[in-house]
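> got a predicted structure here, sequence first:
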Amino acid sequence: MSTGAREFQVPEQVYLSLAGLGAAAKRGLGDPALAELVMVRASQLNHCAFCLDMHLTAARKGGESQERLDLVAAWEEAGDAFTGRERAALALTEAVTVLTDGFVPDEVYGRAAEHFTEAQLAHLIAAIAVINSWNRLMVTRRTAPGETEWHS
C-alpha cells in the first residue's frame with residue numbers, strides 16, 4: 001500500500017463551505033477550548049495526522065495545557081483532568097465519529113444534553129460532523145501535517 005499523497009485537490013467551494021460551517025458551529029458552541037478538544041479527539045479516532053497536528057497546535061495557542069492534550073486519547077481514565085461538560089462532549093464526539101452500533105446511544109446523548117443547551121448541543125454535533133468530514137478528506141488524500149497545498 002502506498003503512503004504517498006494522492007493528487008486530488010479539495011475544491012474551493014467544498015473548502016469554503018466546510019470552513020464556514022465549522023466556524024459557525026464553533027461560534028455557536030461558544031467555547032473555543034472545548035471545540036479544539038473535540039477536534040483533537042475526532043482526529044485521533046480517524047487517524048488524521050494533518051487535522052491532529054492543526055488542532056493540537058491551535059489548542060496550545062489557545063492556552064490548553066500539554067498535560068491535558070496528552071490525556072485526550074484516554075479521557076475516560078484521566079480522573080479529574082476533564083470537567084463533566086468536557087467528558088460529555090468527548091463521549092458524544094466518540095459516539096458520533098465511530099457510530100459502532102449505527103446510532104448515538106441515548107445515554108451518551110442524554111449526558112451531553114445535561115451539559116449543553118439545545119442550541120449548543122446542535123452546534124457541538126455540527127462541529128463533530130465537520131471535523132469528521134475534514135478528517136475523511138485529509139485521510140483519503142493522505143495529507144501530511146503542515147501541508148499547505150491541498151485545496152484549489
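Yep, it's here. Numbers count the residues shown, from 1 in each chain.

> per-residue confidence at residue 6?
With respect to pLDDT, residue 6 has a value of 71.

> does residue 142 really touch residue 6, like I thought?
Yes. Applying CB atoms under 8 Å, one finds residue 142 in contact with residue 6, separated by 5.7 Å. From N, CA and C alone the C-beta is placed, and that goes for glycine too.

> out of these two, which sits in the busier spot?
A count of neighbours by other CB atoms under 10 Å puts residue 142 above the other of residue 142 and residue 6, at 15 against 11.

> confirm that residue 54 lies within a helix, as I assumed.
Yes. Residue 54 sits within a helix when classified using DSSP: H, G, I helix; E, B strand; the rest coil.

> quickly note the distance from it to residue 96.
20 Å (CB to CB, to the nearest Å).

> need the longest helix for the protein.
Secondary structure of the chain per DSSP state H: the longest helix is helix 118-141.

> show me what that helix is packed against.
helix 12-29, helix 32-45, helix 49-61, helix 84-98, helix 106-115 (3 or more CB pairs under 8 Å, 6 or more residues apart in numbering; DSSP states H and E).

> how near is the residue sitting nearest the centre point of the chain to residue 80?
Nearest to the geometric centre of the chain sits residue 39, at 2.2 Å (CA atoms, centre = their mean). Residue 39 sits 22 Å away from residue 80, going by CB to CB.
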